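Visitor: here's my sequence, what's the structure:
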Amino acid sequence: MVITMVLPAHHNGSFWFDSLDDLPEPRAPAALPSRTDVAIVGGGFTGLWTAYYLRRHRPDLGITVFEAETVGFGASGRNGGWCMGMAMGIDERLAAPDPSAGLALLHAMHDTVDEVGRVCQAENIDCHFAKGGTLTVATTVKQADALRKHVARRHALGFTEDDFRWLPPGESATRIGMQPNLGAAYTSHCAAIHPARLVRGLAETVRRAGVAVHERTPVLAIDAGRIETPRGEVRAPVILRATEAYTGTIRGHARDLLPLYSMMVATEPLSEATWREVGLANRETFGDARRVTTYGQRTIDGRLAFGCRVGYRYGSRILRRIETPDRALAAVEATLRTLLPAIGDARVTHRWGGVLGAPRHGRPFVTFNRDSGLGAAGGYTGEGVAASNLAGRILADLVLERSTPLVQLAWVDDEVPRKWPVEPLRWLGTKTMFALARLADHREMSR
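Guide: Here you go, the predicted model:
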């Protein structure tokens, strides 16, 4: 049975928002400022982390965050809650003849997981942070071979068993009751979090520090020195765009990032007997090694939260919420029950989805032009919980002209990704890509 929740307009439909202690009405300002030192467009992880580090390094700076809906309404409040020490594009850099740029990024991402934990501790943000690592389970012989080679490549680059390990089938099965289970690649560099508690807690932290966070204030256009909103313009010598999948809502940016949908479900709290069969005793995050990404975690109240990438909607259409029932949500639930049969007939209580931002070159980016004062960060392709923290720190250092190792990382002023093609080419290409990935997964798992 599908339960339909009657939700306020500012609720994004996720279990994460539903389980917050409070979800107050968004704070639209009585009047917009005519000017601010730094205008940040987007009240998700990237925008708020950038504001946090700017404020920490320059307490005198006037910083204003503009959010179209409410803090965390988009991907920051809907994702799988993986604070992961990895990001898209790093593997390609590690495979280059000179892997130094990839190694620097990977080490920075590993430290970023701990940095998020440090900030949560220091600022009293209770986001249920649990650094239990992550398990990527092989469900086919081909996946097992690939994962073993992946771990071996990491060791060849100087990492140890403390960083990456291959768990043979017996040991893997004691960690997670996935079926089939032919072993798993394990890395310690990942924490499970409650993403909505993190993004909302971060917003309150920057507000207490004096950052103005204007909700229900969409930005329609960005030009050097000014932003345009439905209620007028605001002048700012520095304007930073942190809009991810919603970038196309800003004039002139319609094809910068591709909004791809990811869907999630969450079960009711499971019994202790069930958890003994499922595993995840250390709140490890988990997924299998198929091409179409799967991801899950054990929540602090004993639920399974699980998701899959599902695709794209024509014209880069973005739905405010995914309403149930939805065929893609049903497919996600079916995948969860297939992979973890120990959950039996446990009820799924929440179903939701949202969009993530994918740049055409498939890598995160951080840019800042000192002459125009315009900057941007994003392009995490679904791996942004930790990557947004690193991007925010980099962006803050660029703006403040801090000569730190972070501004030397490969994300900074990387190749500008080409725009995605016009429709129907965009829709056809994305549909074909997902169809081929699903077909390859199906053939491999059917052998």
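Visitor: could I get the full set of helices for the stretch 101-250 of the chain?
Guide: Along the stretch 101-250 of the chain, counting by DSSP state H, counting those that start in this stretch, helices occupy 141-156, 169-175, 195-208.
Visitor: so Leu23 makes contact with Pro8?
Guide: Yes. In this structure Leu23 lies within contact range of Pro8 using CB atoms under 8 Å: 7.5 Å. All C-beta spots, glycine's among them, are computed from the backbone N, C-alpha and C.
Visitor: sorry, back to before: want to try CSV for the helices of the stretch 101-250 of the chain, with mean pLDDT as columns?
Guide: Below are those laid out as CSV (pLDDT from 0 to 100):
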stretch, mean pLDDT
helix 141-156, 97
helix 169-175, 98
helix 195-208, 98
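Visitor: okay, which residue is most central for the protein?
Guide: The chain has Gly384 as the residue nearest its centroid, 3.3 Å off, counting by CA atoms, centre = their mean.
Visitor: tell me what the lowest-mean-pLDDT helix or strand in the chain is packed against?
Guide: The least trusted helix or strand in the chain, going by mean pLDDT, DSSP states H and E, turns out to be helix 425-446, with a mean of 88. With contacts defined as 3 or more CB pairs under 8 Å, 6 or more residues apart in numbering; DSSP states H and E, helix 425-446 has these neighbours: strand 258-267, strand 304-311.
Visitor: how about that helix: buried residues?
Guide: For helix 425-446, a neighbour-count test (16 or more other CB atoms under 10 Å) marks Arg426, Trp427, Thr430, Phe434, Asp441, Glu444 as buried.
Visitor: next up, the contacts around the last one.
Guide: Same thing as Glu444. Thr140, Lys142, Gln143, Arg290 (CB atoms under 8 Å, 6 or more residues apart in numbering).
Visitor: before we move on, what about the second one?
Guide: With contact taken as CB under 8 Å, 6+ apart, Trp427 is in contact with Tyr312, Tyr314, Gly315.
Visitor: let me know the closest of those residues to Leu398.
Guide: Set against Leu398, the nearest of the contacts of Trp427 by CB to CB is Tyr312 (31.4 Å).
Visitor: so the closest one makes contact with Leu258?
Guide: Yes. Tyr312 lies in contact with Leu258 (CB under 8 Å); the separation is 6.7 Å.
Visitor: identify the contacts common to those two.
Guide: Shared contacts of Tyr312 and Leu258 (CB under 8 Å, 6+ apart): Arg426, Thr430.
Visitor: how close does the residue nearest to Arg55 when sequence neighbours are not counted get to Trp275?
Guide: Spatial nearest neighbour of Arg55, chain neighbours left out: Ala209 (4.8 Å); criterion: CB to CB, 6 or more residues apart in numbering. Separation of Ala209 from Trp275 (CB to CB, to the nearest Å): 39 Å.
Visitor: quick one: which of those two has more around it?
Guide: Here Ala209 and Trp275 are compared on neighbour count by other CB atoms under 10 Å; more neighbours surround Trp275, at 18 against 15.
Visitor: of the contacts of Trp427 - the most surrounded one?
Guide: Tyr312 (22 neighbours).
Visitor: now that residue. Nearest residue, chain neighbours left out?
Guide: In space, and not counting its chain neighbours, Tyr312 is closest to Thr430: 4.0 Å by CB to CB, 6+ apart.
Visitor: contacting residues for the one you found?
Guide: Leu258, Leu260, Gly311, Tyr312.
Visitor: now, the most widely separated pair of those residues?
Guide: Based on CB to CB, the longest span within the contacts of Thr430 runs between Leu258 and Gly311 and measures 10.6 Å.
Visitor: higher neighbour count, those two?
Guide: Shown here are Leu258 and Gly311; by other CB under 10 Å, Leu258 has more neighbours (23 against 18).
Visitor: skip the chain neighbours and tell me the closest residue to Pro218.
Guide: That would be Ala68: by CB to CB, 6+ apart, it lies 3.7 Å from Pro218.
Visitor: specify the local secondary structure of the one you found.
Guide: What DSSP: H, G, I helix; E, B strand; the rest coil gives for Ala68 is coil.
Visitor: can you report how many residues neighbour it?
Guide: The criterion is other CB under 10 Å. On that basis, Ala68 has 22 neighbouring residues.
Visitor: repeat for Ala108
Guide: Neighbour tally, Ala108, other CB under 10 Å: 22.
Visitor: cool, and Gly379?
Guide: Residues near Gly379, counting by other CB under 10 Å: 30.
Visitor: repeat for the one 4 residues further on
Guide: By the criterion of other CB under 10 Å, Glu383 has 22 neighbours.
Visitor: what does Leu270 give?
Guide: 21.
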